[in-house]
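Asks: Just a sequence and a predicted model for now, questions to come.
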2 protein chains.
Amino acid sequence: MKLSWKQYDLQLKHTFRISRSARDVASVIILEFEHDGIVGYGEASPAKRYGETLETIDSFFRKINFERFDSPLLLEDILNYTDSIEQGNTSAKCAVDLALHDWVGKKLGVPLYKLWGLNPDKTAKCSFTIAIDSKEVVEQKVHEAEEYPILKVKVGLDNDKEMITTIRSITDKVLYVDANEGWKDKHLALERIKWLKDQNVEFVEQPMPADQFDDIKWLRDRSDLPLIADESVLRLSEVPKLAEAFDGINIKLMKCTGVREAMRMISTAKALNMKIMMGCMIETAVGVSAGAHLSPLLDYADLDGNVLITNDPFDGVRNIRGELKLNNKPGLGVTLK
Amino acid sequence: MKLSWKQYDLQLKHTFRISRSARDVASVIILEFEHDGIVGYGEASPAKRYGETLETIDSFFRKINFERFDSPLLLEDILNYTDSIEQGNTSAKCAVDLALHDWVGKKLGVPLYKLWGLNPDKTAKCSFTIAIDSKEVVEQKVHEAEEYPILKVKVGLDNDKEMITTIRSITDKVLYVDANEGWKDKHLALERIKWLKDQNVEFVEQPMPADQFDDIKWLRDRSDLPLIADESVLRLSEVPKLAEAFDGINIKLMKCTGVREAMRMISTAKALNMKIMMGCMIETAVGVSAGAHLSPLLDYADLDGNVLITNDPFDGVRNIRGELKLNNKPGLGVTLK
């Protein structure tokens, strides 16, 4: 079992500004897992918010030693071992999880959706993200996004109302709103949510900082819109507690170590009667396709990471007007262009 | 896709007496699912406790119409449909779930443990059940069970202490205790648990009736032994609430509609930091093998349903001194003798 990896610099179509950062390029690492003449692809898209960089990913991969395992089919054991190497490093662990699942699908000759008994005609409808920008740029982006039936709007700076008013002056599409922890005061957050409800918004993602859990509980008791946890939730063990403050969770493969744990989070959220969303980072078709294979189990999908870039090195799931179209190739169904 | 089914009367080695019933024969229905020249086996072992009989199973199977589905690989859709036909009927639904999983494993040419990424060398160690009986018969059964390293003892009638004292006079093996809702008074239950703790018992299953939830919460706050829910838990949606009164859950495929939902219950219990046990009814190797394939994910296994009978019509997983030995045949790995 051999691992090798390579950095890719993904060029964003527009500067991507959210409440805490802005960028034009996103760098990811593509992992190749080779065994028995089959190559599986994985991807790590690091987020500073969770303590990862290209360097920490490289360093994590160097610590992996699969010698003790006879077969890549022993997913449970291999991924438990990978998880035990060091805390954190969730996107690096995700790359391993994806590469192994891609390998297993190829070995058994089936796409992952088939391995999981899911219907590829029922992939979730996908939102398209509008990042924070000036009125003029937002107008332009909304026009460019004409083909997508659902928009997810980033807010959390001073121009929240301008962003939404601009968009609503152009379209009455379904809108999701993501504050990315931008509102620090619960009264301000409540006022914004009341206003957003009037703008016919579907839900609000991560209204306040994850470390203000009690404020979010307060807010949820008063909120007219469902609240979805994003920065507040990384992994499985955190899900039950979140049911006290949120109506749903946004699972991201790069936060939760991959599809195996994502499946478990979906089951747990279902048991807790929480809504299930899946998001992504800026990613290639490798990461996005993995989410798409799972997406028949979701309520909301925000898997547009590779639609926001100009140089995806991979072909995989296609996003046709917000519909995620999976191919019938084995594993993740991704190929290097 | 064709379903056919047949009744089997399983002969018990000993009269099987628990706190609420006794029997010498257990009748089950074996379901055959045929498509594309492949046959998958499932099993329904009905429990009166949950409102099922051979007749309700037969009647449920007659309501199933798979015409709308193109392929048995669409497990999520097919099992959601089956679940939606009518409430309850969990063992009948389980038979469908097992038959479809057996079919899928055979279609893809892999045993279920491989489909799920689990290590067959890590199946859970299995307990052997000693039902309620006279001192003499219990002595005889304990001697007959010499090869099994863990005993699960049924209690909940007037002779609890005699049962345990008799067993402890012969062996210091690991003991699980199952009261099957037998203790109706919380003070009595607490006194019994204190005594059982001194007898070096591992945990107590379902000490009190499921409808006495508040009493069980009271008991758990005072109990020296972990409490495991059995009759209190059927399906996924019930698991989070149970964390308030129990330290673990006993999942049974016949209660929870099969392996697909069992997996989800395992994930949820893990998220809630609860212990995970899997038990069974009196079953053939079909039902028991399904549990065994999942068992690398368990803390405790009580999968001896087919060891307690004399005329299992199937070969499947073997129970060698409490070790569950899976074969490498595809699907459930069961064959008609």
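Replies: That came through, no problem.
Asks: Give me the phi and psi angles of the closest residue to residue A:175 other than its chain neighbours.
Replies: For residue A:175, the nearest residue in space outside its immediate sequence neighbours is residue A:201; the separation is 4.9 Å by CB to CB, 6 or more residues apart in numbering or on different chains. No exception for glycine: its C-beta is placed from N, CA and C like everyone else's. Per-residue torsions, residue A:201: phi -90, psi 150 (degrees, to the nearest 10).
Asks: Then the one 3 residues further on?
Replies: Geometry field for residue A:204 lists phi and psi as phi -120, psi 130, criterion degrees, to the nearest 10.
Asks: hey, what's it bridged with?
Replies: Assessed by DSSP bridges, residue A:204 has beta-bridge partners residue A:177, residue A:227.
Asks: Give me the pLDDT for it.
Replies: The predicted structure scores residue A:204 at 98 on the pLDDT scale.
Asks: neighbours of it, just the number please.
Replies: The local packing count at residue A:204 equals 26, with neighbours defined by other CB atoms under 10 Å in any protein chain shown.
Asks: Which residue ranges of chain A form helices?
Replies: Remark: helices of chain A, listed N- to C-terminal, are A:54-63, A:75-84, A:90-108, A:112-115, A:135-144, A:160-170, A:186-198, A:213-222, A:239-242, A:253-256, A:259-271, A:285-294; assignment by DSSP state H.
Asks: Residue A:119 and residue B:74 touch, don't they?
Replies: Yes: with contacts defined as CB atoms under 8 Å, residue A:119 counts as touching residue B:74 at a distance of 5.2 Å.
Asks: In terms of neighbours, single out the busier of these two.
Replies: Counted by other CB under 10 Å, residue A:119 and residue B:74 do not tie: residue B:74 has more neighbours, with 24 against 18.
Asks: That one reaches residue A:117, doesn't it?
Replies: Yes: look at residue B:74 against residue A:117 with CB under 8 Å: they come within range, at 6.6 Å.
Asks: in the stretch 201-337 of chain A, which segments are predicted with low confidence?
Replies: Applying pLDDT under 70 to the stretch 201-337 of chain A flags no residue at all.
Asks: got the residues of it near chain B?
Replies: A:236-237, A:239-240, A:243, A:260, A:263-265, A:267-268, A:270-273, A:296-297 (CB under 8 Å from any CB of the partner chain).
Asks: And the stretch 51-200 of chain A, by the same measure?
Replies: Residues of the stretch 51-200 of chain A lying near chain B by CB under 8 Å from any CB: A:73-77, A:79, A:104, A:108-110, A:114-119, A:122.
Asks: Neighbours of the residue nearest to residue A:51 when sequence neighbours are not counted, how many?
Replies: Excluding its sequence neighbours, the residue lying closest to residue A:51 (CB to CB, 6+ apart) is residue A:88, at 5.6 Å. With neighbours defined by other CB under 10 Å, the count for residue A:88 comes to 13.
Asks: show me the contacts for residue A:88.
Replies: By CB atoms under 8 Å, 6 or more residues apart in numbering or on different chains, the contact set of residue A:88 is A:50-52.
Asks: which residues does the closest residue to chain B within the stretch 101-250 of chain A contact?
Replies: Distance from chain B to each residue of the stretch 101-250 of chain A (CB to the nearest CB) is smallest for residue A:117, at 2.7 Å. With contacts defined as CB under 8 Å, 6+ apart, the neighbours of residue A:117 are B:73-76, B:79, B:104, B:260.
Asks: cutoff 10 Å now
Replies: Contacts for residue A:117 were tallied using CB atoms under 10 Å, 6 or more residues apart in numbering or on different chains; they are A:296, B:72-79, B:100-101, B:104, B:115, B:260.
Asks: In TSV, list those along with distance to residue B:28.
Replies: Supplementary listing: the contacts of residue A:117 in TSV, determined by distance: CB to CB, whole Å:
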residue	distance to residue B:28
A:296	33
B:72	22
B:73	27
B:74	27
B:75	23
B:76	26
B:77	27
B:78	22
B:79	20
B:100	18
B:101	18
B:104	22
B:115	25
B:260	20
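Asks: returning to that earlier point: what are the phi and psi angles of the residue of the stretch 101-250 of chain A closest to chain B?
Replies: When read as degrees, to the nearest 10, the backbone of residue A:117 gives phi 70, psi 30.
Asks: what pLDDT does the closest residue to residue A:75 other than its chain neighbours get?
Replies: In this structure, residue A:75 finds its nearest non-sequential neighbour in residue B:117, 2.7 Å apart by CB to CB, 6+ apart. The confidence metric pLDDT takes the value 98 at residue B:117.
Asks: intersection of neighbour lists for residue B:74 and residue A:117?
Replies: Between them, residue B:74 and residue A:117 share the neighbouring residues A:296, B:100, with contact defined by CB under 10 Å, 6+ apart.
Asks: Would you mind splitting chain A into its domains for me?
Replies: For chain A, the domain assignment from automatic domain parsing gives the residue ranges A:2-109, A:115-336.
Asks: Out of the ones you listed, flag the one nearest residue B:84.
Replies: With respect to residue B:84, and counting by CB to CB, the nearest of these is domain A:115-336 at 15.3 Å.
Asks: Would you pull up how far the top strand by length along chain A lies from the middle of the chain?
Replies: Of all the segments of type strand in chain A, defined by DSSP state E, the longest one is strand A:2-18. A distance of 14 Å separates the C-alpha centroid of strand A:2-18 from that of its chain, computed with CA atoms, centre = their mean, to the nearest Å.
Asks: ok, residue A:206 touching residue A:250?
Replies: Yes: here residue A:206 lies in contact with residue A:250, judged by CB atoms under 10 Å, at a distance of 7.7 Å.
Asks: list residues touching both of those two?
Replies: Common neighbours of residue A:206 and residue A:250 are listed as A:178, A:228-233 (criterion: CB under 10 Å, 6+ apart).
Asks: Quick one: residues contacting the residue sitting nearest the centre point of chain A.
Replies: In chain A, the C-alpha nearest the mean C-alpha coordinate belongs to residue A:280, at 1.9 Å (CA atoms, centre = their mean). For residue A:280, the contacting residues are A:45, A:126, A:129, A:250-255, A:287-288, A:290-292, A:301-306, A:308, by CB under 10 Å, 6+ apart.
Asks: The same query, at a cut-off of 7 Å, please.
Replies: With contacts defined as CB atoms under 7 Å, 6 or more residues apart in numbering or on different chains, the neighbours of residue A:280 are A:252, A:287-288, A:291, A:302-303, A:305.
Asks: sorry, back to before: any chance of the helices of chain A in CSV with mean neighbour count as columns?
Replies: Shown next, in CSV, are the helices of chain A (neighbours: other CB atoms under 10 Å in any protein chain shown):
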stretch, mean neighbour count
helix A:54-63, 15
helix A:75-84, 18
helix A:90-108, 27
helix A:112-115, 24
helix A:135-144, 15
helix A:160-170, 17
helix A:186-198, 17
helix A:213-222, 16
helix A:239-242, 21
helix A:253-256, 28
helix A:259-271, 24
helix A:285-294, 29
